[in-house]
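Participant: Here's my sequence, what's the structure:
(one chain, ligands or ions: 1)
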Amino acid sequence: MSLRAIKYENNTLEILDQLLLPAQTKYISVRGVEDGWKVINKMQVRGAPAIAIVGCLSLAVELKNEKFESKKQMRQEIEGKLNYLVSSRPTAVNMKIAAEELIDLANQLSKDDSVSLDEMKAKFLQTIEDMLAKDIADNKAIGDYGAKEILARVSGDHLVRVLTHCNTGSLATANYGTALGVIRTLHKMKRLEHIYCTETRPYNQGARLTAYELVHDKIPATLIVDSMVAAVLKHRNVTAVVVGADRVAANGDTANKIGTYQIAVLAKYHEVPFYIAAPFTSVDMSIPSGDHIVIEERPDREMTHVGEHRIAAKGIACWNPAFDVTPASLIAGIITERGVFRPEQLKEQFGQINK
Ligand SMILES: CSC[C@@H](O)[C@@H](O)C(=O)COP(=O)(O)O
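Facilitator: All right, here's what the predicted structure looks like:
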């Protein structure tokens, strides 16, 4: 059995409350867009692909039971609610891209006289429901391409060692995961010797969530604190670093969990290839570089406390950006569902998708 962050059955949506993991496994019900916005903003669900899927499914749940007087009214409501969902967390781009695509679809359907109100609703809901299956298929493809790429770095049937950061697994996606999907595929191929996962302060997605997934799947792994990355790269013969992305700019600069940038700098120094694993839904071609990415700043409490327990001295000032931007020059390749590309190849690849 693999972990499921998102359960969507018979028009009911439930998410695994990731604030409670690993101590408690509790699903909470998402009854509409207001709930969707809250669970994303509070990080009860997190990870760029999962944010988009839960946001869109929360809209599906709400729309299903609503009666509209006209296609125009439905279109307007869809647009307003999607824009609201985009505001729940600013850095991960997947929700914004999904919203733009769904607003385009709503516009097309509302203009098409051959489509009835009921048909418009059905087509719209189906498109959202298809996102779950597409994300899993994309992650499996990312896993295959990523495993092949990393295995090409070792000779014969040698095993590989991988370092990862934050949580990019079943809990951050519809299932399987991006960077953690690559690790899962290497493990299935019996070519993974070991994985090192960082604790990922301040919110501990590595210690709480990635470690939980690795133990659950019986993948050989060791947890390290974030300040041990240089030592691990120096002493533990790591074959590659693979992490996820919240937003990849057109030039390949990549925003990901805070701490990613320093890992990329360390990887360069130790000549360990540094990869981003992300679906094309994390690529934002509307911005030329990472300088244009808005970085979410989160409450001090995430740094000063672990759960209910205060660990920082009272009165100290905090700065808590949730993400940083790794320059494209530090990235060996971006592992996508369509193959592995160097950052400078992204634009051309994107052009081909949109042809
Ligand atoms: C497949 S998840 C990719 C990224 O969203 C992940 O690496 C990450 O940074 C998650 O941040 P989070 O703040 O936990 O939502």
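
Participant: pLDDT weak spots in the stretch 251-355 of the chain?
Facilitator: Within the stretch 251-355 of the chain, the segments meeting pLDDT under 70 span 353-355.

Participant: Kindly report the residues of it close to the ligand.
Facilitator: Contact residues, the stretch 251-355 of the chain versus the ligand (C-beta under 6 Å from any ligand atom): 256, 257, 322. Every C-beta, even on glycine, is put in place using the N, C-alpha and C of the backbone.

Participant: if I look at the second one, how far off is residue 178?
Facilitator: Yep, that's residue 257 we're talking about. Separation of residue 257 from residue 178 (C-beta to C-beta, to the nearest Å): 12 Å.

Participant: can you give me the offset of whichever strand or helix holds residue 352 from its chain's centre?
Facilitator: Per DSSP states H and E: residue 352 is located in helix 346-353. Chain-centre distance of helix 346-353: 21 Å, with C-alpha atoms, centre = their mean, to the nearest Å.

Participant: ditto for stretch 305-323
Facilitator: In terms of C-alpha atoms, centre = their mean, the centre of stretch 305-323 is set 24 Å apart from its chain centre.

Participant: Repeat that for stretch 187-199.
Facilitator: Mean-position distance between stretch 187-199 and its chain equals 19 Å (C-alpha atoms, centre = their mean).

Participant: List just the nearest of the residues of the stretch 251-355 of the chain next to the ligand to the ligand.
Facilitator: Nearest to the ligand among these is residue 257, at 3.4 Å by C-beta to the nearest ligand atom.

Participant: Could you check the pLDDT of the residue of the stretch 101-250 of the chain found nearest the ligand?
Facilitator: The nearest approach of the stretch 101-250 of the chain to the ligand comes at residue 244, 2.9 Å away (C-beta to the nearest ligand atom). As predicted, residue 244 sits at a pLDDT of 98.

Participant: which residue packs closest to it, ignoring adjacent ones?
Facilitator: Spatial nearest neighbour of residue 244, excluding adjacent residues (C-beta to C-beta, 6 or more residues apart in numbering): residue 168 at 3.6 Å.

Participant: Which strand or helix spans that neighbour?
Facilitator: In this structure, residue 168 sits in neither a helix nor a strand according to DSSP H and E.

Participant: same deal with residue 125?
Facilitator: Residue 125 belongs to helix 117-151, assigned by DSSP H and E.

Participant: residues of that helix that come out buried?
Facilitator: By neighbour count on 16 or more other C-beta atoms under 10 Å, the buried set for helix 117-151 is 117, 120-121, 124-125, 127-128, 131-132, 135-136, 138-151.

Participant: Residue 295 should be in a strand, yeah?
Facilitator: No: assignment of residue 295 by DSSP: H, G, I helix; E, B strand; the rest coil gives coil, placing it outside any strand.

Participant: tell me the phi and psi of it?
Facilitator: Dihedral pair for residue 295: phi -100, psi 120, per degrees, to the nearest 10.

Participant: Would you map the helices across the chain?
Facilitator: For the chain, applying DSSP state H gives helices covering 33-41, 48-64, 71-86, 94-111, 117-151, 179-188, 205, 211-216, 229-235, 260-269, 301-304, 346-353.

Participant: Least reliable of these by average pLDDT, please.
Facilitator: For the helices of the chain, where the average pLDDT is lowest is helix 346-353, sitting at a mean of 82.

Participant: can you list contacts of it?
Facilitator: 248, 250, 251, 252, 280, 283, 285, 334, 336, 338, 339, 341 (C-beta atoms under 8 Å, 6 or more residues apart in numbering).

Participant: how about that helix: buried residues?
Facilitator: 346, 349.

Participant: next one: stretch 329-344
Facilitator: Buried residues in stretch 329-344, counting neighbours by 16+ other C-beta under 10 Å, are found at 330, 331, 332, 333, 334, 335, 336, 337, 339, 340, 341, 343.
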